[in-house]
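Asks: Sequence plus the predicted model coming up.
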Amino acid sequence: MLVKPQDYINDALNNHYALGSFNSVNLEMTQAIIGAAGKKKSAVIVQTSEGAIEYAGLAAISGMIKILAEESLIPVIMHLDHGKSLAIVRKCIEAGYGSVMIDASKESLADNVAITREAVEVAHARGVWVEAELGAIMGMEGAMGLRGRRTPNDFLTKPQQVVDFVEQTGVDALAVSVGTIHGAFTGQEYIRFELVEKIEKITPDLPLVVHGASGITNEHLRRVASSNVCKINIDTEMRIAFTEAVKAYFSVNHDKVDIRDILGPAREAMQQVVEIKLDVFGSSGLADV
Ligand code: G3H
Ligand code: ZN
């Protein structure tokens, strides 16, 4: 069923686990995410970036997510990931998203505050939940094999800015830059737990969001999921699972052309990634179904 995020995020905050938020660009990714959540009896967030919306079309991708969500007994939240403008936030709200991210983190702090506040006004008027970003999460979803990258201190979230940002914007949750980077970084990524702890001490009731979680060890993911981080974003690891499965298929099936035979195993491989993450984030078994 399609649900709004508020109750589920609050439950995650109060009970020290995190919801998995997985990117989708098509049918197979959406089925993998909702299928995994059904198997694990876990609420789940299906998120689409602006790029995914451009690729699939807003009506098509949001319509598909809604239909698959409604066919499932599992609570499914539909979320806009890294919305860069008020225009896309408005369009997604119209299309039935219960949750949006406004990402003005590349702007000055004053502009980030102003743009986020406006998005919050628009979204809250429709009962839609808003995530914003303070500090900047670097890299790019799908970027591969970059070794030893570290987030420069200037891009990390500055704990002393958090209270004012939240008060001035009225945002519901905050994506924080605490060491993770978008993309897969060959085991070199890590979370700066001392920074997470500082932020949660300052704003104990604020749900936090970790982006760029592909490539983070399960041990670190488990630990961060038990903090005030209530939403953890995964994209690249699903893309890798998909691509590896397609490559494996063609390495033995040189002359096959049935799209279902090609994409079916890829969908299964992505579902396995999501199932593991839901266990690690601690949300498995908690959905009331
Ligand atoms: O917004 C999406 C994510 O932060 C995904 O990051 O590609 O490193 O998993 P990732
Ligand atoms: Zn992200």
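Replies: The structure has been received and is ready for your questions. Numbering: from 1, shown residues only. Ligands and ions are numbered 1, 2, ... in the order given.
Asks: Remind me what whichever strand or helix holds M64 packs against, helices and strands.
Replies: In this structure, M64 sits in helix 58-71 according to DSSP states H and E. Helix 58-71 makes packing contacts with helix 27-40, strand 44-49, helix 50-56, strand 76-83, helix 86-94 when contacts are defined by 3 or more Cβ pairs under 8 Å, 6 or more residues apart in numbering; DSSP states H and E. In this view, the C-beta of every residue, glycine as well, is placed from N, C-alpha and C.
Asks: go with 6 Å
Replies: Secondary structure elements in contact with helix 58-71, counted by 3 or more Cβ pairs under 6 Å, 6 or more residues apart in numbering; DSSP states H and E, are helix 27-40.
Asks: and the protein, which residues reach ligand 2?
Replies: The interface of the chain toward ligand 2, taken as Cβ under 5 Å from the ion, is made up of H211, N233.
Asks: what pLDDT, on average, does the helix holding M64 get?
Replies: The average pLDDT for helix 58-71 rounds to 98.
Asks: Check stretch 109-120 too.
Replies: Taken as a whole, stretch 109-120 has an average pLDDT of 98.
Asks: Return it as PDB; C-alpha atoms alone will do.
Replies: Only the C-alpha atoms of stretch 109-120 are listed here, as PDB (Å, rounded to 0.1, in the frame of the first residue of the first chain):
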ATOM      1  CA  LEU A 109      23.700  28.700   3.000                       C
ATOM      2  CA  ALA A 110      21.300  31.600   2.700                       C
ATOM      3  CA  ASP A 111      19.900  30.400  -0.600                       C
ATOM      4  CA  ASN A 112      19.700  26.800   0.700                       C
ATOM      5  CA  VAL A 113      17.600  28.100   3.600                       C
ATOM      6  CA  ALA A 114      15.400  30.200   1.300                       C
ATOM      7  CA  ILE A 115      14.800  27.500  -1.300                       C
ATOM      8  CA  THR A 116      14.200  24.800   1.300                       C
ATOM      9  CA  ARG A 117      11.700  27.000   3.200                       C
ATOM     10  CA  GLU A 118       9.700  27.600   0.100                       C
ATOM     11  CA  ALA A 119       9.600  23.900  -0.700                       C
ATOM     12  CA  VAL A 120       8.500  23.200   2.900                       C
END
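Asks: List the buried residues in it.
Replies: Across stretch 109-120, burial judged by 16 or more other Cβ atoms under 10 Å covers N112, V113, I115, T116, R117, A119, V120.
Asks: Ignoring the adjacent residues along the chain, who's closest to the second one?
Replies: By the measure of Cβ to Cβ, 6 or more residues apart in numbering, the closest residue to V113 outside its immediate chain neighbours is Q168, 5.0 Å from it.
Asks: I'd like to know which elements the host helix or strand of that neighbour is packed against.
Replies: With the criterion set as DSSP H and E, the secondary-structure element containing Q168 is helix 159-169. Applying 3+ Cβ pairs under 6 Å, 6+ apart, one finds that helix 159-169 makes contact with helix 109-124, helix 193-202.
Asks: And the contacts of the helix or strand following it?
Replies: Downstream of helix 159-169, the next assigned helix or strand under DSSP H and E is strand 173-176. With Cβ atoms under 6 Å, 6 or more residues apart in numbering as the contact definition, strand 173-176 has outside contacts at E131, E133, L134, T157, I199, P207, L208, V209, H211.
Asks: export strand 173-176 as CSV, just CAs?
Replies: What follows is strand 173-176 as a C-alpha-only set of coordinates in CSV (Å, rounded to 0.1, in the frame of the first residue of the first chain):
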residue,chain,number,x,y,z
ALA,A,173,14.4,15.5,8.0
LEU,A,174,18.0,16.3,7.1
ALA,A,175,20.4,14.6,4.8
VAL,A,176,23.8,15.1,6.4
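Asks: neighbouring strands for that strand, and are they parallel or not?
Replies: According to DSSP bridges, the neighbouring strands of strand 173-176, each with its direction, are strand 129-134 (parallel), strand 208-210 (parallel).
Asks: With mean pLDDT added, can I get those strands in a markdown table?
Replies: As requested, these are exported to a markdown table (pLDDT from 0 to 100):
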| stretch | mean pLDDT |
| --- | --- |
| strand 129-134 | 98 |
| strand 208-210 | 98 |
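Asks: Okay then, goodbye and thanks.
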